[in-house]
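Peer 1: next input, structure requested:
(one chain, ligands or ions: 1)
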Amino acid sequence: MTRILIAGNWKMNGDISMAQNLATMIASEGDALNCEYLLCPPFTAIQTVASAIGDSGISLGGQDCHAAEAGAHTGDISVGMLTDLGCGYVIVGHSERRSNHGETDADVKVKAEAAVEGGLTAIVCVGESEAERESGDALAVVGSQVASSLPDAASATNTVIAYEPVWAIGTGKVPTVEQIAEMHLHIKSVLTQEFGSDSSKTFRILYGGSVNAENADEILRTDGVGGALVGGASLKAESFLAIGRSCP
Ligand code: PEP
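Peer 2: Reported below is the predicted structural model:
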């Protein structure tokens, strides 16, 4: 059975010594828990984290990638560079990439395609803004992002979807469990429509947005939730491990 995925998105945080310490602490307990742990440090710390987690069973990922294999793309990182460092995953389409770098669904899709072709599992982020939630458009917006951002060859082994309402990221605001369940169910139905319903298309759908040690238990037990994408609470071993201990 596929384990619940607890993914830590460190964003632009962490020097080498912090990365070394945090990854070592997660590795010392993480793999004994009833979930799969994934660390997504900044690019500069990937190698340090790779050494710290060793063969502990903790997974490693990047926070973004470029769609091209190589070339004149200053500041970007290719899929091959991530796999070279031992990454198995990459986050694409995070709302901070969509808003800070103007990434569209089409941009996210080509990155996800490149990730999958290069052997990574793509974690494709989708989520509505507060205004879209308030105007009753959340399901339509997220459904359209799912239909337009996933690679054509998406399957349960190469693609994970992270539902992250933009208004819940880093704000301490969390949707109700009913809202989370409703959205996860909706995403599942869009996925069935787009990719069919055989078992290779039983995608993991993560929830992300202000998950912490206190609310993880309830969120991870919500219908349709296959794990969590965690920002702030992944930067401290105690809170990140507490989330893993909540895995049903
Ligand atoms: C994120 O950025 O993916 C995220 C979920 O952040 P936070 O947990 O801090 O809301």
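Peer 1: can the strand or helix carrying Ala162 be found next to the ligand?
Peer 2: Element membership for Ala162 (DSSP states H and E) is strand 159-163. No: using Cβ under 6 Å from any ligand atom, strand 159-163 stays clear of the ligand, with a minimum separation of 7.1 Å. (C-beta placed from N, C-alpha, C; glycine too.)
Peer 1: export only the CA atoms of stretch 98-110, formatted as PDB.
Peer 2: C-alpha atoms of stretch 98-110 as PDB (Å, rounded to 0.1, in the frame of the first residue of the first chain):
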ATOM      1  CA  ARG A  98       3.100  31.000  -9.900                       C
ATOM      2  CA  SER A  99       2.900  34.500  -8.300                       C
ATOM      3  CA  ASN A 100       6.600  35.500  -7.900                       C
ATOM      4  CA  HIS A 101       7.700  34.200 -11.300                       C
ATOM      5  CA  GLY A 102       4.500  34.400 -13.300                       C
ATOM      6  CA  GLU A 103       4.400  30.700 -14.000                       C
ATOM      7  CA  THR A 104       1.200  29.600 -15.800                       C
ATOM      8  CA  ASP A 105      -0.400  26.200 -16.000                       C
ATOM      9  CA  ALA A 106       1.300  25.600 -19.300                       C
ATOM     10  CA  ASP A 107       4.700  26.400 -17.800                       C
ATOM     11  CA  VAL A 108       4.000  24.100 -14.900                       C
ATOM     12  CA  LYS A 109       3.000  21.300 -17.300                       C
ATOM     13  CA  VAL A 110       6.200  21.400 -19.300                       C
END
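Peer 1: residues of it that come out buried?
Peer 2: 98, 103, 105, 107-110 (16 or more other Cβ atoms under 10 Å).
Peer 1: and the residues you listed as CSV, adding secondary structure and pLDDT?
Peer 2: Shown next, in CSV, are these (DSSP: H, G, I helix; E, B strand; the rest coil; pLDDT from 0 to 100):
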residue, secondary structure, pLDDT
Arg98, helix, 97
Glu103, coil, 98
Asp105, helix, 98
Asp107, helix, 98
Val108, helix, 98
Lys109, helix, 98
Val110, helix, 98
